[in-house]
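*Asks:* fold the following, please.
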Amino acid sequence: MTWHGQRGDMKVLVTGTAGLLGANYSRHLLESGHTVIGMDNFSGGYKAFLPKNDNLKFYKVNLENKKKVTEVFDKENPDVAYHFAAYAAEGLSPFIRNYNYRNNVICSANIINECINHNTKMVFTSSMAVYGGQEPPFTEDLRPQPIDPYGVAKYAVECDLKQASQQFGMRYNIVRPHNVLGKYQNIWDRYRNVIGIFIRKAINNQPILVYGDGEQTRAFSDIQYYMKPFDKLLDGHDGEIFNIGADKYFTINESAETVKRVAKKYGYDATIEHAEARHEVKHAYCNHNKAKTLLEFQDGTQLEPLIDSMFGWAVKQPNRKVKDMPYEVTKDIYDYWK
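*Replies:* Residues are numbered from 1 along each chain as shown. As a prediction, the model looks like this:
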């Protein structure tokens, strides 16, 4: 691969620039002296979350539009593409199968096509969802066994990347992040980002809903600790898969109580209620030894200070409209989503 600029001045395409990963990593890249080519259609993020920097070249593009994606690649010819754009709603995905596969597979295929045609390396954010209900902590060598269409979609893209590499020599990495939290998260989507949902409920004086018995375990991770390992993938470790996230896991009950405790500091008296259990993995968290060894990944996540920081950011945000999705499957839809 031939770089179009110096090592400290690369041209990096970032999809999902207005989302949690894209908004944070784009800022980091810009601060590091790189040029960022941003692509987003604001279906899951907000224009206000875009970095304000002269070295950001932003294109409002629906990644399903193959012609528009090709035009951006032809014009910008990026060195690396970080494909963050996705609709990450595991629990909802069985009820929006068509949207899930269009958003998470077809859009990804359009990016892969152009990376092949332009000799652009691709860093793809897959998901812990590919592991399904296996025994945690998950390691990268486990055979994926997704239990929902979102996990199926992510694994399909992983397989396609391997095929593209084998046939065309395409350079790529796969990152499997999990339960990432931080500033610029969409807390107004009622189907995904559980901590964000809890925070929004508390701010709006609505009960925090815990699905089932609340003994599900998750390891919530701070977005700030993703920057260094992402940097290591700009030009290295081709073909490798990495888990990135927090080591310490909590029950959903513990997480809800933490949000309730933080909310009290900000003057909100949150309450917690339990609702119908949904189809989901009970225990899900990963082993990160590979990323620690090869990418110098160091996780410093502390859940309560992280939630406190998010809460302080969230209370300053405008009261955006909560997103509703049109269901494609209505059979057995949960009462709280009706």
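
*Asks:* the longest helix belonging to the chain: what's the following helix or strand?
*Replies:* If you go by DSSP state H, the chain has its longest helix at helix 149-168. Following helix 149-168 in sequence order, the next helix or strand is strand 172-177 (DSSP states H and E).

*Asks:* ok, residues contacting that following strand?
*Replies:* 21, 115, 121-128, 130-131, 140, 158, 161, 164-165, 221, 226, 229-230, 233, 237-245, 286 (C-beta atoms under 8 Å, 6 or more residues apart in numbering). Yep, even glycine has a C-beta here, placed from its N, CA and C like the rest.

*Asks:* now what about the next helix or strand after that strand, what contacts it?
*Replies:* Next helix or strand after strand 172-177 toward the C-terminus (DSSP H and E): strand 180-181. Residues from elsewhere that reach strand 180-181 (C-beta under 8 Å, 6+ apart): 20-21, 193, 195-196, 220-223, 226, 245, 306-307, 310.

*Asks:* hmm, which of those is lowest in pLDDT?
*Replies:* On pLDDT alone, Asn193 ranks lowest of the contacts of strand 180-181, at 94.

*Asks:* any low-confidence regions in this protein?
*Replies:* Within the chain, the stretches with pLDDT under 70 are 1-8.

*Asks:* all helices for it, in order.
*Replies:* For the chain, applying DSSP H gives helices covering 20-31, 66-76, 97-101, 107-117, 149-168, 194-203, 227-232, 252-265, 289-294, 303-314.

*Asks:* tell me the buried residues in the first one?
*Replies:* Just to be clear, that refers to helix 20-31. Neighbour counts over helix 20-31 (16 or more other C-beta atoms under 10 Å) mark Leu20, Leu21, Gly22, Ala23, Asn24, Tyr25, Ser26, Arg27, His28, Leu29, Leu30 as buried.

*Asks:* tell me the phi and psi of the closest residue to Glu280 other than its chain neighbours?
*Replies:* In this structure, Glu280 finds its nearest non-sequential neighbour in Gly91, 5.6 Å apart by C-beta to C-beta, 6 or more residues apart in numbering. Here is the backbone geometry of Gly91 (degrees, to the nearest 10): phi -70, psi -30.

*Asks:* list the contacts for Gly91?
*Replies:* Asp148, Tyr191, Arg192, Arg278, His279, Glu280.
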